[in-house]
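1. here is my input, please return the structure:
(one chain, ligands or ions: 2)
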Amino acid sequence: MNILLTGGLGFIGSHTAAVLAGEGHEVVIIDNLCNSQRQTLGSLEMIAGKKFPFYEGDVRDLTLVKSILQDHQIECVIHFAGLKSVAESGVDPLKYFDNNVGGSITLMEAMQAANVKKLIFSSSATVYGIPQYLPYDEEHPLSPMNVYGRTKLQVEEILQDLSRSDPDWSIVCLRYFNPIGAHESGLIGELPQGIPNNLMPYICQVVSGKLPHLNVFGDDYDTKDGTGERDYIHVMDLAEGHAAALAFTRDHKGWEAINLGTGIPYSVYDLINAFEKSAKQAIPKMVKERRSGDLPIYFAKVEKAKNLLNWEAKRDLQLMCDSSWKYQQGAKR
Ligand code: NAD
Ligand code: UD1
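-> Numbers count the residues shown, from 1 in each chain. Ligands and ions are numbered 1, 2, ... in the order given. Coordinates of the predicted model:
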């Protein structure tokens with residue numbers, strides 16, 4: 001199929017581009033490089049052994065997006081382009097609503113005008129909010145606790161309304177849990193700008209000597225070892241989940257939300273222990289206050305993805321840490 005990846009040079013988009021190209025799809029990428037680098041395109045081309053048509057541009061540019069859809073006879077769009085910092089979204093909510101919600105609306109308009117009606121959207125487990133029960137299934141009430149999460153929920157709702165208005169649409173909202181890890185080649189991975197907010201990139205920078213120690217945000221939660229537990233998923237499993245969703249859209253009409261996780265929660269200490277094995281060195285750490293807005297534990301119910309997409313995560317925590325470490329050792333920044 002001819003597929004457009006918005007935000008395709010970012011962390012998840014680039015791994016998905018590698019998987020889709022490997023399956024023989026024609027992948028076109030638009031990215032404004034606000035949180036990625038052009039050099040990722042070269043790395044991707046090395047992995048795939050072919051060139052990708054690339055547009056440095058913004059999904060809010062209706063004319064540009066429409067012309068890409070038409071010129072490349074795009075059949076499906078995977079919409080990764082978005083801003084993802086929970087902290088920044090609270091400080092600058094309009095920037096987040098403009099980019100994440102406004103950008104998605106412009107994309108939908110362009111798709112409607114070009115008669116492209118298959119869309120896979122990057123949503124997040126953050127749409128669920130405080131767990132009323134665990135694991136979160138897709139029917140769990142939606143009540144995001146931050147602006148970033150509200151932008152994701154709003155886009156999901158707009159997409160649902162769009163599919164109700166026109167039954168030709170096939171829309172899949174993938175609710176990602178905590179993606180970590182990197183491509184097995186070590187050529188692409190997660191490249192956060194500045195000091196990372198998330199656990200895995202922070203650990204990578206501590207182990208490579210860029211940061212002095214890891215802050216463990218709370219060891220007094222009601223969890224197995226007192227630290228926060230999350231459903232970490234290897235980014236290559238996540239990328240393969242997109243390939244499965246793409247296959248699903250061939251015969252599907254309507255709107256679906258589907259969790260992509262492993263269903264297994266790991267603690268901060270589990271991740272540290274696994275990473276220490278990968279890097280063969282101890283990770284200096286200091287226990288700090290809980291981080292405001294953090295939940296003690298959440299993880300996915302994964303049956304819907306198994307049933308509808310015939311997909312499940314295969315890679316374990318050690319492989320997530322090994323691949324992150326391999327990428328970190330070669331990463332230039
Ligand atoms: P990322 O920042 O690495 O990738 C997003 C890409 O989109 C970047 O390359 C950025 O330059 C581009 N972009 C942003 N706004 C754009 C715009 N208006 N026009 C064109 N390009 C634009 O993030 P990621 O981790 O790869 O996440 C991809 C998507 O998945 C995001 O929508 C994110 O909110 C969502 N998501 C991510 C996570 C996670 O933990 N990484 C979890 C849940 C959901
Ligand atoms: C965060 C976002 C979430 C987003 C996800 C993407 C918040 C409140 N939530 O989730 O919306 O979808 O990233 O992956 O920001 N931790 C430390 N030290 C650190 C960093 C993290 O101990 O330096 C702990 C956290 O307290 C948490 C766990 O590690 O228990 C995972 O944190 P993180 O990687 O930031 O992910 P989430 O908080 O799950």
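2. all contacts plus neighbour counts: C-alpha atoms, from now on.
-> OK.
3. quick one: the strands in the stretch 1-150 of the chain?
-> Taking DSSP state E, counting those that start in this stretch as the criterion, the stretch 1-150 of the chain carries its strands at 2-6, 26-31, 54-56, 76-79, 118-124.
4. among the ones you listed, which is nearest residue 288?
-> Proximity of those to residue 288 was assessed by CA to CA; the nearest stretch is strand 118-124, lying at 26.4 Å.
5. do that closest one and ligand 1 meet at all?
-> Yes: shown here: strand 118-124 in contact with ligand 1 (CA under 6 Å from any ligand atom) through 122-124.
6. ligand 1 contacts on this structure?
-> 7, 9-13, 31-36, 57-60, 80-84, 99, 103, 122-124, 176-179.
7. may I see the PyMOL selection of the buried members of the residues you listed?
-> Only the buried entries of these go into this PyMOL selection, using 16 or more other CA atoms under 10 Å:
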select buried, resi 7+9+10+11+12+13+31+32+33+35+36+57+58+59+60+80+81+82+83+84+99+103+122+123+124+176+177+178+179
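8. rewinding a little: so which of the strands of the stretch 1-150 of the chain gets nearest residue 323?
-> strand 118-124 (22.6 Å).
9. same list (the residues of strand 118-124 next to ligand 1) but as CSV, adding distance to ligand 2.
-> As requested, the residues of strand 118-124 next to ligand 1 are exported to CSV (distance: CA to the nearest ligand atom, whole Å):
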residue, distance to ligand 2
122, 11
123, 9
124, 6
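10. possible to save the strands of the stretch 1-150 of the chain as CSV with mean pLDDT?
-> Listed next are these as CSV, based on pLDDT from 0 to 100:
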stretch, mean pLDDT
strand 2-6, 98
strand 26-31, 98
strand 54-56, 98
strand 76-79, 98
strand 118-124, 98
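11. could I get those strands as JSON lines with distance to residue 330?
-> Formatted as JSON lines, those follow (distance: least, CA to CA, whole Å):
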{"stretch": "strand 2-6", "distance to residue 330": "26"}
{"stretch": "strand 26-31", "distance to residue 330": "23"}
{"stretch": "strand 54-56", "distance to residue 330": "24"}
{"stretch": "strand 76-79", "distance to residue 330": "28"}
{"stretch": "strand 118-124", "distance to residue 330": "28"}
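12. ok, back up a step: among the residues of the chain next to ligand 1, which ones are in helices?
-> 11-13, 103 (DSSP state H).
13. what is the neighbour count of residue 128?
-> 22 (other CA atoms under 10 Å).
14. go on, residue 71?
-> When neighbours are defined as other CA under 10 Å, residue 71 has 9 of them.
15. isn't residue 52 up against residue 29?
-> Yes: using CA atoms under 8 Å, residue 52 is in contact with residue 29, at 7.1 Å.
16. who has more neighbours out of these two?
-> Set residue 52 next to residue 29 and count neighbours by other CA under 10 Å: residue 29 wins out with 24 against 17.
17. so in terms of bridging, what pairs with that one?
-> residue 5, residue 54 (DSSP bridges).
18. need the contact list for it.
-> Contact partners of residue 29, counting by CA atoms under 8 Å, 6 or more residues apart in numbering, are 4-9, 52-55.
19. give me the buried subset of those residues.
-> Taking 16+ other CA under 10 Å as the criterion, what is buried in those is 4-9, 52, 54.
20. so what pLDDT did residue 284 get?
-> The per-residue pLDDT reported for residue 284 equals 97.
21. and what of residue 194?
-> For residue 194, the model assigns a pLDDT of 86.
22. would you map the helices across the stretch 101-250 of the chain?
-> 103-114, 147-165, 199-207, 235-249 (DSSP state H, counting those that start in this stretch).
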